[in-house]
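Novice: Take this sequence and fold it.
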Amino acid sequence: MNSQEEHHLENIDFTDDIKYVSIYSTQGVILTKVKKIIKRVILYAILIVAVIISLLPLWSGIMSAIKTQADLSITSPLAPPTNPTLDPFYVAWQELHQSLFNSVLFTTAATLLSCLLGSICGFVLTKLKFKGSNILFLLLTIGIFLPYQSIIIPLFITIRNLGIYDTVWAMILVHTIYGIPMTTLLFRSYYESIPESLIDAAKTDGAGVMTIYRRLIIPLSPLPFIVAAVFQFTSIWNDYLFALILTGTNFEPASFALSNMAGSTETAWNNTMAGSFLYSIPILLIFILLGKYLMQGLMAGAIKG
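Specialist: This is a model prediction of the structure:
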């Protein structure tokens with residue numbers, strides 16, 4: 001075999017190797033893509049099942065809220081109504097409209113007051129250091145972990161002695177005081193990120209403590225105010241224990257009125273479900289309107305750790 005033939009055979013072997021490597025690489029890429037597709041399909045299937053399971057209670061509530069009492073007794077909670085009706089919402093509104101107004105009143109007032117006082121406390125404990133400030137902050141934050149049940153009896157006695165039992169002032173006072181530890185923690189965490197040079201510059205210009213707070217701190221605090229307000233409003237709105245203990249027949253919060261819609265012997269679940277949806281509207285509006293700013297506040301460091 002001469003040198004020209006040997007060179008030709010080498011070229012043939014080299015070309016075959018390239019083709020083999022190319023085919024093997026292509027098969028590997030295809031297998032990798034197939035594996036990714038299978039994993040994605042499995043992941044989406046799991047997510048879809050999880051979403052369906054989580055939405056079943058909501059679906060059941062909606063179906064029950066638009067059924068007649070006759071439909072409730074002959075159909076499954078998940079089954080659509082044979083004769084849809086909005087009468088349960090009308091009945092629920094007639095029973096809850098005054099209580100909903102009461103809850104909006106004291107929840108809004110307590111949220112605003114607790115956020116304002118928490119902002120002031122956070123500013124003082126962060127930018128106006130004094131002897132014992134850390135101990136005071138520690139004692140203040142203990143209130144976050146203090147169970148409501150542990151102070152019910154002395155709280156009831158105090159509210160009764162103040163003469164504000166079964167009034168809006170009792171709910172505003174209690175929820176404002178109980179909200180101060182949490183809002184103080186939120187604002188203190190945020191105010192720690194404000195440079196001390198800004199405070200020193202304001203002091204150099206002759207600004208007092210209240211001037212610094214009003215003209216410097218407040219304009220820098222819209223995001224923590226939104227975060228604290230959303231958390232406070234949600235917590236106060238969903239409270240049932242204080243509504244049960246501190247109110248009676250004259251002033252009835254919506255959470256307590258909603259529980260009273262369930263009768264002692266028989267419950268009209270369609271009316272109760274409709275009332276539950278009416279009760280949830282303020283919270284839904286809060287998160288729809290402020291959800292974007294809430295996430296911005298969280299990302300900006302309004303809550304740390």
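Novice: And the helices in the protein, which stretches?
Specialist: With DSSP state H as the criterion, the chain has helices at 3-65, 69-74, 87-127, 133-141, 152-162, 168-191, 196-204, 209-212, 222-237, 241-246, 254-260, 269-299.
Novice: gap between W237 and I288?
Specialist: From W237 across to I288, the span is 15 Å (Cβ to Cβ, to the nearest Å). Every C-beta, even on glycine, is put in place using the N, C-alpha and C of the backbone.
Novice: Which residue is the nearest non-sequential neighbour of the residue nearest to the spatial centre of the chain?
Specialist: The C-alpha lying nearest the average C-alpha coordinate of the chain belongs to F231 (Cα atoms, centre = their mean; 6.3 Å). Leaving aside its sequence neighbours, F231 sits nearest to M182 (Cβ to Cβ, 6 or more residues apart in numbering; 6.9 Å).
Novice: Just list the residues touching the one you found, thanks.
Specialist: Listed by Cβ atoms under 8 Å, 6 or more residues apart in numbering, the contact set of M182 reads 114, 118, 144, 228, 231-232, 235.
Novice: I'd like to know which of those residues are buried.
Specialist: Among the contacts of M182, the ones that count as buried by 16 or more other Cβ atoms under 10 Å are 114, 118, 228, 231-232, 235.
Novice: just curious, which of these is nearest to K127?
Specialist: Nearest to K127 among the buried ones among the contacts of M182 is G118, at 14.6 Å by Cβ to Cβ.
Novice: Tell me the spacing between the closest residue to that closest one other than its chain neighbours and V174.
Specialist: In this structure, G118 finds its nearest non-sequential neighbour in T183, 2.4 Å apart by Cβ to Cβ, 6+ apart. Separation of T183 from V174 (Cβ to Cβ): 15 Å.
Novice: Also P77?
Specialist: 37 Å.
Novice: And L220, by the same measure?
Specialist: Separation of L220 from V174 (Cβ to Cβ): 30 Å.
Novice: can you check F187 too?
Specialist: F187 is 21 Å from V174, by Cβ to Cβ.
Novice: same question, I30
Specialist: 66 Å.
Novice: Those two: who's more crowded?
Specialist: V174 (23 against 10; other Cβ atoms under 10 Å).
Novice: what are the phi and psi values for L86?
Specialist: phi -100, psi 10 (degrees, to the nearest 10).
Novice: Tell me which residues touch it, please.
Specialist: I66.
Novice: now swap in W237 and tell me
Specialist: 103, 107, 255, 282-283.
Novice: could you flag which of those residues are buried?
Specialist: Neighbour counting by 16+ other Cβ under 10 Å classes 103, 107, 255, 282 among the contacts of W237 as buried.
Novice: any idea how far the second one lies from A229?
Specialist: Put plainly, it is T107. Applying Cβ to Cβ, the value for T107 to A229 is 11 Å.
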